Structure formats: C-alpha cells, structure tokens
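Colleague: Below are the sequence and a predicted model for it; my questions follow.
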Amino acid sequence: MPVEVFAQRRNTLIFWCGCALVTAGVLAHLPMFIMGRATHYVLAGMPMDWPMLAGMGAIVVGIGAAAFGLLPAAPRSASVALDVSTPLENVRLGPAHWGVAALLAVALVIDIMKPASLGFVTPGMRAEYHVDARTVAWLPFAALAGTVVGSVCWGVLADIYGRRASIVLSSVMFVGTSICGAMPDFWWNVGMCFLMGAAAGGMLPVAYALLAEIMPTRHRGWSLVLVGGIGAVGGFFAASSLSALLQPMFGWRVMWLLNLPTGLALVALSPFLPESARFLQETGRTELARATLARFGVVLAPPGARPDTSPHESHTPLPPLTHGFLGITSALTLAAIAWGLVNFGLLLWLPGALVAQGRSVAGASALIARSTLLAAPTVLLCAWLFSAWSTKWSLIAVTCVMVLGLAGLARAADPVLPLALVILGSCGVISMLLPYAAENYPLLIRGRATGWVAACSKFGGLAAQFLSLLGGAPALGTVIACIAAPALGSTVLIALFGRESRGRSLGELDLAHRARNST
C-alpha cells in the first residue's frame, strides 16, 4: 500500500475516533440536564459528577484527534500547473456546484444560529443564576471574543491547511460546546461560550472563500450573496423560532443543547464537502486537484497538450495592508464593525428590552421571528443586485437601508417594520460583505483577509458588549449614533477605493491587483 494512501486512511480513522470521543463526552452531560425535569431544568448549584468531568476531558482529546485527522496526508509541495481546455471560471453551473452551495448554506444557517441564540438565553440565565445585567453580559462578551479569535485563526488555518479542514473542525467543536446546556455554574457557561464563539467565527469566512473559489465567474456573485443571505436570515430565524417553540417546554438550556444534533449533522455531511481545487493545485496536490476539477466540469487536456493560458492566481503572497489593499481593507473593516454593532449589540439587547417592557420570552422571540420573515424575501433581490447591477454599489445601498431602519426604530411605536428594515439591511450587508472581501484578495491571503473582515464584524459586537459590562445597554439613540458613524464612513471609503468585481474571474482580479501594486 502506498505511504500516502496509508496516511490518508490513518488520518480518516483518527478523525472519526475523535468525533466519537467528542460525542461521548457530550452524552455524559445529558443525565445532569434530564435530572432537572422536576424543576423546569433549573440546574444552578448542582454539583458536577465524575462522568461530566471525564466527558469534558474526552471532548478536549476528541477535538485534538479530529484536528490531527484533518491534516493533509501528503506534505505541502510546490504548485503544479494543470493543462485544462476549459478553465474553472468558464464551466457551466452543474449539480456539483448546487450541492456544495446547498451544503454551505445549511452550514451557515447552523453557524449563525449559534451566536444569534445568545439574546434568547440571557433572560433565562439571569433568572436562574440570579445575576444582574452587567454580570450576564460576560456571556455574549466571551462568545464574541471567541468569534474574533476564531475568525482570525481559522482564516490563517484555511490558507495553510485548507478550506474544508477548517470548516469541518468548526463543526466538531460545535458538538463539544453543546455541554453549555448542562453546566450548573454560570462561569462554566461563560468559558464554554468562548469556545462556541471560536467555532462559529471560524466557519463563516472560510465558507465564503471556498464557495468563491468553486463557483464559475458568471454565477459567483449571486451565489455568494444568496448563500450568505440564506445563512444570515435562516440562522436568525432558526434561533428565534426554536426559542419560541422550545424554551417554554425545556427552558433556556435547550438552545445550547441544539449544538449536538446540528453539529453532528454537519460532521455527517462533511464527506460531501470538497476542498478548493485552486488550493489543492497551489499546494502541489495535483491528483486531488484533478479529481476536484473533473467533479465540477473542468475539461482536463490530454498529456502533452498546450498549457492553459488563462489568468491564474498569483503564487506570491501579497500582504493585505500594502498601498493596494489599505483603502479597501479600511472600508470593509468599518462596514464590518457597523454590522457587528447591529447584529451582536442591538439585536442581542432587543429580546431583553422587550421582556423588560412586559412581553414574554416567547412573545419577544415571535416578534423578532416575524420581522425576520419580512426581510427574508429580499435576499433574492440582494443576490440579483450584487450579480446583475454592481458589487460595490449594492453593498453601499444595503448599508444605507440598515441605517434607515435604525432611524425608524428610534421613532416608531410599532417596532416590526423598522426592525425588518434593520434586519434586511444587516442581512444584506453580511450577505455581500464577505463575498466582496473574498473577491478582492488573492488566493494565498484570501482566507486570512476574509477572516479579518469577519473578525471585525464580531469586534463591533465585542465593543457593544463591553459597554454592557461597564454599565448596561446604552440608550437607543447612543447605539444608533455609534452604528451610523462607521456605517456612513464605510460607504464613502467603498465608493472611493472599492473595485467592481462583477463578471471578473478571480485570476483576472488578482492580475489587476498585481498591476496596481507595481505602479
């Protein structure tokens, strides 16, 4: 048996053994949750038994084993050009493309559902642990700190070890963090939520990078925005709907326990997720690159044929903050911070504010779910604008819609319509922001650059939760002003430094970057 084949089989076995260990570690915590049936699943103050402690150890070991199993079986080598008669950018959209897009859409729904659940669990946590608003703010603060770290680290991992490995490792971590639902101590929840945030923050930018490198040029724009929009709207709708349905029966803890089935679903689907052919070719894994290219309809030329002369991605790493990237990086950073202030600041405070006004948790969740449904159909419009009109001006437009909704939220007596505009604008921003970032950086830094923008989107929420730690949620007018400043600043910078990427292949965009940097 060839050494590479043996190493691949060994790594696959280690990966699945790691997944089994993580699952067993989570199951060891479920008896604690079941014991709370008589008290409506109130577990505060209950002692942690030895199976739970052993389960936590199994989760740590299992995640480490899964990470090792995901490492490439063959060492990284020099890039090898492949002779193709039909470049990846020019192939027809086929079943393989649709399958990957659908799988990544499901992954993003589950990914975004995790941090979106924070706002729906904090009222129940305050009541069970008898903590004030300032103390409970440590929970979203830790989770968002994890997303910042995860976005940066996973972006780097994606550029070194691969897009697929990073996404699958996030899914395994999702499974492990479901033990938040059985933690009897508040501060254990805070620590586990940091890990949950790291997993959630890591998956989002890598998924966009992978999809951008797989889709044909003419279909890249709308597919990226559509998948991102489905993930954003679907994740928030899933969190609010499941909260309204399950919390009255099982309490707030069930929202964390959902990480077990959803994470396992992603792990089970991982064999259908391909690695980026561009990344495989760049790292010298030629045979895997050939198989992946053939899967997506690329016609490989026979041996000895004339090499493909279409534009390819650069093999030389380009720093994301040279004079060619500083303007666009600054613009996307501000847009990301503004979105984070909305999604992880305003929308996390909103359920608690509605409960404080006299609404039930289920009623507040249902109101937000209805607002989300009003915004959902516009994802198709965003996808059409991004691919058929303009990438840069579409991003500017949805940012302005988000600001308009915030202004209406400050004045309207009925929050449904303004809230729908806020959710519409914020979903449009996050749907377009990371696809636009993925198109504006070359392959060798695409993961870390997209990860940086994703991290900045969480940093805005981190700043919002830091305000909560200092003195509770600020006044609505203050929140709107803090969001409007970076949002409007980003529109100016995108207008000045943003480039139109619609209809241009990633190789062509990379060549344009290099020509711009050389002048």
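Modeller: Structure received. Numbers count the residues shown, from 1 in each chain.

Colleague: Now do the nearest residue to Val42 once chain neighbours are set aside against Val190, distance only.
Modeller: Distances taken as CB to CB, 6 or more residues apart in numbering place Glu128 nearest to Val42, at 5.4 Å, with adjacent residues excluded. C-beta here means a position set from N, CA and C on the backbone, and glycine is covered the same way. To Val190, Glu128 is 14 Å away according to CB to CB, to the nearest Å.

Colleague: repeat for Cys427
Modeller: Separation of Cys427 from Val190 (CB to CB): 28 Å.

Colleague: Counting neighbours, go ahead and name the busier of the two.
Modeller: Neighbour count, other CB atoms under 10 Å: between Cys427 and Val190, Cys427 has more, with 31 against 19.

Colleague: any low-confidence regions in the stretch 201-350 of the chain?
Modeller: For the stretch 201-350 of the chain, the stretches flagged by pLDDT under 70 are 300-324, 347-350.

Colleague: Helices of that one, residue ranges please.
Modeller: 217-250, 254-257, 259-269, 277-282, 286-295, 326-341, 347-356 (DSSP state H, counting those that start in this stretch).

Colleague: Nearest to Met402 among these would be which one?
Modeller: Closest to Met402 of these is helix 326-341 (CB to CB; 7.6 Å).

Colleague: gap between the residue lying closest to Ala44 once chain neighbours are set aside and Leu258?
Modeller: Leaving out its chain neighbours, the residue that sits closest to Ala44 by CB to CB, 6+ apart is Glu128, at 5.0 Å. To Leu258, Glu128 is 18 Å away according to CB to CB.

Colleague: which ones are touching the spatially most central residue of the chain?
Modeller: Nearest residue to the geometric centre of the chain (CA atoms, centre = their mean): Leu204, 2.2 Å. Counting by CB atoms under 8 Å, 6 or more residues apart in numbering, Leu204 touches Leu108, Asp111, Ile112, Ser151, Gly231, Leu434, Ala454.

Colleague: Next, give me the two most distant ones among those.
Modeller: Using CB to CB, these reach their maximum pairwise distance at Ser151 and Gly231, which is 14.9 Å.

Colleague: Compare the two and say which one has the larger neighbour count.
Modeller: Ser151 (31 against 28).

Colleague: how near is that one to Ala200?
Modeller: Noted for Ser151: a distance of 9 Å to Ala200, by CB to CB.

Colleague: Convert the helix or strand harbouring the residue nearest to Val42 to PDB, retaining C-alpha atoms only.
Modeller: Using DSSP states H and E, the element containing Glu128 is helix 118-129. The C-alpha trace of helix 118-129 is given here as PDB (Å, rounded to 0.1, in the frame of the first residue of the first chain):
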ATOM      1  CA  LEU A 118     -27.300  34.500  22.800                       C
ATOM      2  CA  GLY A 119     -30.000  37.100  23.100                       C
ATOM      3  CA  PHE A 120     -32.700  34.500  23.700                       C
ATOM      4  CA  VAL A 121     -30.900  32.700  26.600                       C
ATOM      5  CA  THR A 122     -29.800  35.700  28.600                       C
ATOM      6  CA  PRO A 123     -33.200  36.400  30.300                       C
ATOM      7  CA  GLY A 124     -33.400  32.800  31.400                       C
ATOM      8  CA  MET A 125     -29.800  32.800  32.700                       C
ATOM      9  CA  ARG A 126     -30.400  35.900  34.700                       C
ATOM     10  CA  ALA A 127     -33.400  34.400  36.400                       C
ATOM     11  CA  GLU A 128     -31.700  31.000  37.100                       C
ATOM     12  CA  TYR A 129     -28.300  32.300  38.300                       C
END
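
Colleague: Give the other helices and strands that the helix or strand harbouring Phe466 contacts.
Modeller: Assigned by DSSP H and E, Phe466 belongs to helix 443-471. Using 3 or more CB pairs under 8 Å, 6 or more residues apart in numbering; DSSP states H and E, the elements in contact with helix 443-471 are helix 133-136, helix 138-160, helix 186-214, helix 277-282, helix 326-341, helix 347-356, helix 416-439.

Colleague: mind checking which of those is nearest Asp49?
Modeller: Asp49 lies closest, by CB to CB, to one member of these: helix 186-214, at 13.8 Å.

Colleague: Now do that closest one: distance to the chain's middle.
Modeller: Centroid separation for helix 186-214 versus its chain: 6 Å, with CA atoms, centre = their mean, to the nearest Å.

Colleague: Show me which residues of it are buried.
Modeller: By neighbour count on 16 or more other CB atoms under 10 Å, the buried set for helix 186-214 is 186, 189-190, 192-214.

Colleague: distance of Thr177 from Leu53?
Modeller: 17 Å.

Colleague: For those two, indicate the residue with more neighbours.
Modeller: Each of Thr177 and Leu53 has its neighbours counted (other CB under 10 Å); Thr177 has more, 28 against 11.

Colleague: List the contacts of that one.
Modeller: By CB under 8 Å, 6+ apart, Thr177 lies in contact with Met192, Cys193, Leu195, Met196, Ala199, Trp256, Asn259.

Colleague: do the same with Val403
Modeller: Val403 sits in contact with Gly425, Ile483, Ala484, Ala487, Leu488, where contact means CB under 8 Å, 6+ apart.

Colleague: now with 10 Å?
Modeller: By CB atoms under 10 Å, 6 or more residues apart in numbering, the contact set of Val403 is Ala338, Val342, Leu421, Val422, Gly425, Ile480, Ile483, Ala484, Ala487, Leu488, Thr491.

Colleague: Show me the one in those residues that has more neighbours than the rest.
Modeller: Most neighbours among the contacts of Val403, by other CB under 10 Å: Ala338, with 31 neighbours.

Colleague: Would you confirm that that residue contacts Ser457?
Modeller: Yes - the criterion here is CB atoms under 10 Å, and Ala338 meets it with Ser457 at 8.8 Å.

Colleague: which residues do those two both contact?
Modeller: Residues within reach of Ala338 and of Ser457 at once, by CB under 10 Å, 6+ apart, are Val429, Leu433.

Colleague: can you list the domains in the chain?
Modeller: Listed domain ranges for the chain are 1-73, 94-287+319-518 (source: automatic domain parsing).

Colleague: As JSON lines, those with distance to Phe296 would be great.
Modeller: JSON lines is the format used below for the domains of the chain (distance: least, CB to CB, whole Å):
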{"stretch": "domain 1-73", "distance to Phe296": "20"}
{"stretch": "domain 94-287+319-518", "distance to Phe296": "5"}
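
Colleague: between those domains, which one is nearest to Val298?
Modeller: Closest to Val298 of these, according to CB to CB: domain 94-287+319-518, at 7.6 Å.

Colleague: so how far is that closest one off the chain centroid?
Modeller: The answer for domain 94-287+319-518 is 5 Å, by CA atoms, centre = their mean.

Colleague: same deal with stretch 54-71?
Modeller: When distances are taken as CA atoms, centre = their mean, stretch 54-71 is centred 22 Å away from the chain's centroid.

Colleague: Pull out the buried positions in it.
Modeller: By 16+ other CB under 10 Å, the buried positions in stretch 54-71 come out as Gly55, Met56, Ala58, Ile59, Gly62, Ile63, Ala65, Ala66, Ala67, Gly69, Leu70.

Colleague: can you check stretch 155-166 too?
Modeller: In stretch 155-166, counting by 16+ other CB under 10 Å, buried: Gly155, Val156, Leu157, Ala158, Asp159, Tyr161, Gly162, Arg163, Arg164, Ala165, Ser166.
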